[in-house]
Every structure is written in structure tokens, then in C-alpha cells.
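**Student:** What follows is a predicted protein model with its sequence.
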Amino acid sequence: MRNSVLSVTLLLCIAPLAIAQTITGTITGTVSDATGAVAPNVKITAKNEATQVQSTATSNDSGIYTLPSLTVGNYTISAESTGFKKTVLGPFPIEVNQTVRLDIALQVGNVSESVEVVGIAPPLQTESTQTGQTLSSKRLTDLPFNGRNVVSAILLVPGAVQTNPGSVNTATRFSGRAFVNGNREQTNNFLLDGVDVNDSMDNRIGYTPSVDALQEVQVMTGNGSSEYGNSAGAVVNMTIRSGSNAMHGTLFEFLRNDKLDANTFFANQNNALTKDKQRRALRQNIYGGTLGGRIVRDKLFYFVNYEGTQRRDSGPSQSSVAPLDWRNGDLSRLPQVINDPATCQVVGGTRTCQPFPNKQIPLNRIVGPARVLLSDPALYPLPNSTGTGALGVVNNYSGSAANFLKNNQGDLKVDWRASSKDNFMFRYSQGFYTDGTQRPVLPTLAAAVKEGPTLGAVVAWTRTISSSMVNDLRYGLTRTGITDSFADPFGTQTGGNAKLGIPGGQLAPGFSSLTPGEGLANIGNNGILSDGRDNKFHISETLSWSKGRHFLRFGANGVRYQQNRFYSGNNGALGTFGYSALFSGSQFSDFLLDQVSSKGVGQGDGRRWGQRHWRFGTFFQDDWKVSNSLTLNLGLRWEYTQPLYEVNDLQANVDLGTGRLRLAGKDGNSRALYDPYYKQFMPRVGFAWSPEMFNKRLVVRAAFGLTSFLEGTGVNLRLPLNPPFFYESNQNYDLTTGASSSRIGFSDLPSFSGTLAGNIRTWDPDLRPQFTQQRNVSVEYLLSGNLVVSAGYVSQRATHTIVARDRNQPLPGPSNVNPSQWVSAQLRRP
């Protein structure tokens, strides 16, 4: 597998596209007379059973008719022609992006007579070669999704797996992505009413509709038509329900609590939570309702829904804290020799140190954060239960912790049948989500909070130009917000570093991350702060034309991305101080003596940056009925993704050939600092064959196609996070450099002063999207009724996948100047 590399420390890529793909269905077929000859000029009418909205077409000289752009629902179809009885078939369902083939045989007679055929539900896929599955609204509401998270429906589709299924079985909005057909989890594309609802930086779903609000969810796992782009995994195409002439609605409440839930297997196995009073309290309520109906009969319809979620869990929680003897400097239970770093000498290239007598560190030698924390049980509690592990310190503290989750969201959809040729649709969605830690088990632990406001809107106009031509115009926007911050539930973490003697100030409550080791819980948190708004503006147009034996579709679309973000960097606004046993023999003794072996910090000043780019796509698709038993799906797609630029040119790249820093828009550099790629040509070809000898009970399908994908990379890999606009540093210390100290804060970290220092992200100037070759071969056979057996083979191969690599790894070995001297890893970087 070939990879596109974005390097030095990290890489870059691009944001997923909000392509407005098909959210309607199509009915097609051949009309014949009693002799089997094709019947041209037959009027075909499809009627939506819920709204009574009708769509019409006329069979052409080959007897073929096509009714595209049909709203999802149940339909009845009728055929009328002079000299023949009226034929009525249905009702039968039309699904998202589905092509249903219904061949109609006319009977001689008066048009005032009719022949009705009921129970039509074509179970075989004879017109399309794509793979995947569609879930109807009934199936969605009948399935017991844990947390009412519809994303978990993806795992019902063949080829979809998740190594951590629990991540999609919760009400957490940003969690859970499936690996589809071996592709990475970030390569899926989520669409709602044809418009992107992804978080385009981190490749997560940004808005998860209520299960009760959905008409259908189609999970397309491969070989879609050329309408679809920017996905290597699954395209998850969701549609909101519509109103009808009859008013319909629901009210629901889904309750979970610790009184009704079974205990977990491992809790029982460990004999830790076998009694109700010992179990964590859980209160989860998911409630809401839907209402749909008509405003004007057969003309104007509405649908609204609301869903709220309140989840609270609290109760016993365990952690690992330093016992009293360790706090007093008595480390006699540790197996290591505890050396005094102040006595160490290097003689003849050999380092020798004097150990502390009886492994006892004098109290006056305990300095830095350890001195403050270990002398204040209110801030850093003493053990209150028997610990486990070799040293007896694991889970030696039992306390109480609490978490929360809140979500409120709703949708409004209006459908308007303006005339026999014009249909309009409007949908507006809004939600606000927050979850986090209400109270950690220890006062020194972080209370992280995540917030996610989201809104979206779509306007669509479907115009029937003639009986053989339909045009669809669509405009949409989505806005996804993600904010990561920290609370101070104990009132002890505001100005926390100053209390520990760590200078430099802080913009978030909490303590820098400290690693005392020996099985003890880390203290504090690095404080990763983030605040982003991801806006996408989309416009698309698709023309469908039935011509002879060809059903042609042409389309173009454009999406404008606005990505505004503050990010503190992975080292966080509070930073980290690491202790590693290098200087005194044990990690905890290094902590007591404040012998820091690593430290790092990001940027916490709240400075925002904004990246922009356009994405364009155009396609051609020909579904060619070569004969009544053979259909070819032929398509070609081309896309262009404009390189990302920062609105004020606040981004930089590094030329790996020269080592020079390249600033956006300066010295002849482009604003994006990497080159555009214009060769995203993606052919699609497939066939569906129903041998006549099997009387339409067997279909063989095969397809091959190319699809491209450019991921969002995650915010930490973006070029605005480079000096001189953003500083993030980390440093390792060893026996050559000597230990650092938390008491000087981060003042000794590298800074930008004429030479590059700290963490640098570089992007390959020839960056191109991932290309995936998709193949499938399948056979379906209709046994009886709706019972179908199928077998298939799916193959995918990805090239130019984008990965992050550390391009200046430290060289192994000693110094070139003095082979007997081992130098700092930082000094061994090329």
C-alpha cells in the first residue's frame, strides 16, 4: 500500500465533502402488450400512498419508462393506454437511492377496466451493482439500539466491524465509527437529506438524528454510482420522515437505571459490585416525540420531532494514591535501589551514585509539587482501602465520582407540491450536546467537559421538465461546533499550578499532568483545550434523462468549507511533567525529588485560526438496459479539492529538502503551501444480469470502480499549528543533560528564535487523495415470496493513504564526537 506522507512530526490532509447525493428512489421497467411486444406511449403514473402526490412518465419507443426523484415511501403504479385495460400494481416501498424494476404486461380491453396486482415487492436488485443495506423506519424503531444511537446500525451491514462495539452503543454523539470492508474508520461519509453532517476536521458524525425521526438509513458499502464521492468506507445516507395527509405522531420515553439493569459480568466476577448499594447509580432518560400531517391536503405537509437525553451516573470509584510511608520518604518496600542524584559522579565514562540509607529520602529533600500534594490530604487523599498489586497500592483509594450527559435536538421538515411539475422540500435541524465529568474521584483529577452545538438546513427543488427529464437543485448548510474545556467542581483547581509551585500562569483550571509512577494514578491533566466551528455550504444540481434504453444522469456540485478553530495542541495548555526513574532509580523517588525527565506544553492563549477551501465535483452516469435481462451501470466522476489556506495566511510548512521554513503567501509560496491535484478521475462500471432461463429468479452482479477520499486529519496536524504562529514544545532530559524541574515551569523548553524548535507539522507538497479500487461479484436467487439467498465477494485496495510519520527520529547510538558518551535523544535528531 502506497502512502502519502505529511511529516517531520506530523501530517496534513483535508476535510470530508458534503456532496448532495441521491436521497430519492427510481422506478423503471419495460411495458409490453399481450403478445410480448414492447408498448410505446403508455402513460405511467406513480402515486405516493401517504401524500397522494403523483409523478408521471411515458414509455418510449423501446417500451421503457423511468420515474426518477421519487420521495421515499410506499407507491402504487398504474399504466394506461388506448385499447388496453388499466393496470395497477402495488403498493410497494421505494427506498433511498434504490432503483426498482417493475415490468408491466398490458391486457387488451377498455381503459375503463382495470387489472390490479397487489403485494408487489421486488426482492432482487436487478438494476444496480452497489453493495450495502437499507434500514426502514419500522426496523430502526424496532431495533433496541443502546443509547438510541443510530450509528450502531452500520454494524448490521455485512463488511462492517468495530473493534470496540461499546463506542457506538452509547448516547455519546461524537463516538463510534465502523471499519467498513477493511477501510479505516475515518473514511465513512454521513449524509442527512443529501447534505454532509460530518465533523470535517476529525471525521466524526457531527449530528445524529433521532431514530424516530428517520424514514430510512441506507448504508452503501461499495461500488456506488458516480454520483457518490469522497468516501472509501461507507456512505451512510439518512432521510428525515415527511408528513402525509393523515396526522401521525409518537411520544416515547426510554428509561435505564441501576435498579433495572443487570450487573456486569466482570463486576460479579470480581465480587466488587454484587449488592445494589455498592453499584454505581445510573439514571438515563431518553424522551421526545414526533408529529406529522398536512397543512393543505395533497399539497403541503409538515413533520417535526424533538428528542432529549439526560444521563447521570455516580457512585463508587477507585484510584491509586501514595501511601503514608511513601509520603514521608520511606521507600523501603520498593525493590529498586534509591540513589541520591546529588551524589552522582561520572568517572571514566561510568556513572556512580550513593544510595539513600535504608531507602529513606529526608523530608527536606522532598520538593516541588510532591511537597505540596503529599502534605495536604484534602488535596491528595490518603489511602482508605486495601490495595492490590505487588506493592499493594493499586486501587487503594475508594471514593465517589459522577458523570453527566445532556442532549436536546429537533428537526422540522416541510414538503410542498407547488404544481404537477414542481416539488419543494425544506428541512431545519438543531441540537445542543454536552457531556463530561461532574465530579472526579480525586480532587487532583481533571473534570473534562465537551459541548457540541449543531444546526443544519436544506432546501431542494425538483422540477419535472418533461415525461423523460427531471432536474433536482439542492442547497444546504451545516454548522458543527465542538468545544473541549475543564470545570473545577472541588474549587481547588483554579490557579492549581501556582498552588503546586509551578510558575507561568494558566488559562484553564487544573494541574499540569504529573506521573508519580509505581502503579499510582497520574495527577492532573495536560489540559487539551479546543473550540471549533465547522461550516459547510453546499449547492448541487442533477439532471435525469430517460432516452431510449439509457437512463442518463448528469450532475455538478460545490461545497465551501469554513473551519474555524482554536486548539492548544496535543501537549495541552497545562502541559506535562514526566518522571521516569532515570535519575534516582525509581519513578516515585524522581517525583519526590522533582527530577523531571520530560516535559511539554502547547499553547493556551485561545488564538483562533480559520482555514478555507472549495470542493467541486461533476459526474456522468448511464444505466443502460442492453436487453430485458442485462443492465450496465457506466459512470465517470471527477473531483477537485482546493488546497486548504488560512484566511490571514497564518500557516507555515517546512521544506524537507532544504530545511527552510515556508510562510504562506510569502517569497513566492502559495497560500496553501502544497500543490493542487487535478487528476481525480474515477470510472465506475458494472453489470446486473438476470438470465431468462431462470424466469427473473436469479441475478448475477459484478462491478469495479475507483473512489477518492481526503480525510480531515484531526486538528492537531494542521499547518496553522506551526511556528511562528503557534508554539508547542516538548523536551526529554537524560543523564547527559541532567534533570529538569517543575519549579521553573516550561521556561527551559525550546522556542522559536531563528531556528526551528519544538513540534513542527509538515505536509508533502505533492499531497494527493487516497484512491480506493472497489470490486464486487454477487449472486442472488429468489427461493419464494420474499425469501432470497445471496453470496458475494468484495475486494478493496487503497493507495496513497495518508499517514503521519516522525521524519526526524533520533539516530541510535552514542555521540559521533565521543563514542563513549551517550547524548540526549533531542541532540541525536537529524
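**Tutor:** Looks like it arrived, so ask away. Numbers count the residues shown, from 1 in each chain.

**Student:** those strands in the stretch 101-250 of the chain, which residues are they?
**Tutor:** In the stretch 101-250 of the chain, the strands defined using DSSP state E, counting those that start in this stretch lie at 104-105, 114-117, 131-136, 160-161, 179-180, 189-192, 195-196, 198-199, 204-205, 214-222, 235-240, 248-257.

**Student:** mind listing what's buried in the last one?
**Tutor:** This points to strand 248-257. Residues of strand 248-257 classed as buried by neighbour count (16 or more other C-beta atoms under 10 Å): 254, 256. Quick note: C-beta positions are derived from backbone N, CA and C, even for glycine.

**Student:** Using PDB, list the CA coordinates for it.
**Tutor:** C-alpha atoms of strand 248-257 as PDB (Å, rounded to 0.1, in the frame of the first residue of the first chain):
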ATOM      1  CA  HIS A 248     -49.500  10.800  12.800                       C
ATOM      2  CA  GLY A 249     -47.300  11.100  15.800                       C
ATOM      3  CA  THR A 250     -45.500   9.400  18.700                       C
ATOM      4  CA  LEU A 251     -44.400  10.000  22.200                       C
ATOM      5  CA  PHE A 252     -41.700   8.000  23.800                       C
ATOM      6  CA  GLU A 253     -39.600   7.600  26.900                       C
ATOM      7  CA  PHE A 254     -36.700   5.100  27.200                       C
ATOM      8  CA  LEU A 255     -35.600   4.500  30.800                       C
ATOM      9  CA  ARG A 256     -32.400   2.900  32.100                       C
ATOM     10  CA  ASN A 257     -31.300   2.900  35.700                       C
END
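
**Student:** So the residue nearest the centre of the chain versus Leu644, what's the distance?
**Tutor:** Centroid-nearest residue in the chain: Arg204, 1.7 Å away (criterion: C-alpha atoms, centre = their mean). Remark: distance between Arg204 and Leu644 (C-beta to C-beta, to the nearest Å) = 19 Å.

**Student:** Check Tyr561 too.
**Tutor:** Counting by C-beta to C-beta, the gap from Tyr561 to Leu644 is 8 Å.

**Student:** do the same with Pro453
**Tutor:** The gap separating Pro453 from Leu644 is 24 Å, by C-beta to C-beta.

**Student:** which element is Asp484 on?
**Tutor:** Here Asp484, judged by DSSP states H and E, is contained in strand 469-487.

**Student:** next one: Tyr65
**Tutor:** Of the helices and strands defined by DSSP H and E, Tyr65 is found in strand 64-70.

**Student:** So which elements touch that strand?
**Tutor:** strand 25-32, strand 43-48, strand 54-58, strand 469-487, strand 530-547, strand 550-567 (3 or more C-beta pairs under 8 Å, 6 or more residues apart in numbering; DSSP states H and E).

**Student:** Show me which positions of the longest one end up buried.
**Tutor:** It stands for strand 469-487. Within strand 469-487, the residues that qualify as buried are 469-472, 474-487, counting by 16+ other C-beta under 10 Å.

**Student:** Sheet partners, orientation included, of the strand holding Asp484?
**Tutor:** Looking at strand 469-487 with DSSP bridges, its partner strands are strand 447-466 (antiparallel), strand 530-547 (antiparallel).

**Student:** pLDDT of the last one, averaged?
**Tutor:** To tie it back to what came earlier, the one meant is strand 530-547. Regarding strand 530-547, the rounded mean pLDDT is 92.

**Student:** Figure out how far that strand is from the centre of its chain.
**Tutor:** Computed by C-alpha atoms, centre = their mean, to the nearest Å, the chain-centroid distance of strand 530-547 equals 18 Å.

**Student:** same deal with the first one?
**Tutor:** Going by C-alpha atoms, centre = their mean, the spacing between the C-alpha centre of strand 447-466 and its chain's C-alpha centre is 16 Å.

**Student:** start at 27 instead
**Tutor:** Renumbered: residue one is now 27, and that last one reads strand 473-492.

**Student:** For Asn812, give me the pLDDT.
**Tutor:** As predicted, Asn812 sits at a pLDDT of 77.

**Student:** Wait, it touches Pro149, no?
**Tutor:** Yes: if you go by C-beta atoms under 8 Å, Asn812 and Pro149 touch, sitting 5.0 Å apart.

**Student:** if I look at Thr369, how far off is Pro361?
**Tutor:** According to C-beta to C-beta, Thr369 stands 21 Å off from Pro361.

**Student:** Pick out whichever of those two has more residues nearby.
**Tutor:** Comparing Thr369 with Pro361 by other C-beta atoms under 10 Å, the one with more neighbours is Thr369, at 11 against 8.

**Student:** Tell me how many other residues surround Ala272.
**Tutor:** Close neighbours of Ala272, defined as other C-beta under 10 Å, add up to 10.

**Student:** Low-confidence stretches in the protein?
**Tutor:** Counting by pLDDT under 70, the ranges of the chain that qualify are 27-48, 137-140, 143-148, 192-202, 290-304, 777-784, 833-856.

**Student:** repeat that for 50
**Tutor:** The model of the chain has pLDDT under 50 over residues 27-46, 298-302, 778-782, 841-848.

**Student:** Break it into its domains for me.
**Tutor:** Following automatic domain parsing, the chain resolves into domains at 29-38+640-761+781-854, 51-151.

**Student:** How far does the shortest one stretch from one end to the other?
**Tutor:** Yep, that's domain 51-151 we're talking about. One end of domain 51-151 sits 13 Å from the other (C-alpha to C-alpha, to the nearest Å).

**Student:** Same question for stretch 525-536.
**Tutor:** As for stretch 525-536, its first-to-last residue distance stands at 10 Å under the measure C-alpha to C-alpha.

**Student:** buried set for that stretch?
**Tutor:** Within stretch 525-536, the residues scored as buried using 16+ other C-beta under 10 Å are 525-528, 532, 534-536.

**Student:** Tell me how far Leu687 lies from Gly626.
**Tutor:** In this view, Leu687 and Gly626 are 21 Å apart by C-beta to C-beta.

**Student:** same check, this time on Gly208
**Tutor:** For Gly208, the distance to Gly626 equals 35 Å [C-beta to C-beta].

**Student:** Neighbour count: these two, which is higher?
**Tutor:** More crowded of Gly208 and Gly626, by other C-beta under 10 Å: Gly626, with 24 against 15.

**Student:** Report the spatially nearest residue to that one, omitting neighbours in sequence.
**Tutor:** Once flanking residues are discounted, Gly626 sits nearest to Asn756: 2.8 Å by C-beta to C-beta, 6 or more residues apart in numbering.

**Student:** for the one you found, what are its contacts?
**Tutor:** Applying C-beta atoms under 8 Å, 6 or more residues apart in numbering to Asn756 gives the contacts 597, 602, 624-627, 775, 784-785.

**Student:** These into JSON lines, with extra columns for distance to Thr378 and secondary structure?
**Tutor:** Conversion of the contacts of Asn756 to JSON lines gives the following (distance: C-beta to C-beta, whole Å; DSSP: H, G, I helix; E, B strand; the rest coil):
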{"residue": "Asn597", "distance to Thr378": "35", "secondary structure": "coil"}
{"residue": "Thr602", "distance to Thr378": "31", "secondary structure": "strand"}
{"residue": "Ser624", "distance to Thr378": "24", "secondary structure": "strand"}
{"residue": "Lys625", "distance to Thr378": "27", "secondary structure": "strand"}
{"residue": "Gly626", "distance to Thr378": "31", "secondary structure": "strand"}
{"residue": "Val627", "distance to Thr378": "34", "secondary structure": "strand"}
{"residue": "Leu775", "distance to Thr378": "30", "secondary structure": "coil"}
{"residue": "Gly784", "distance to Thr378": "35", "secondary structure": "coil"}
{"residue": "Asn785", "distance to Thr378": "36", "secondary structure": "coil"}
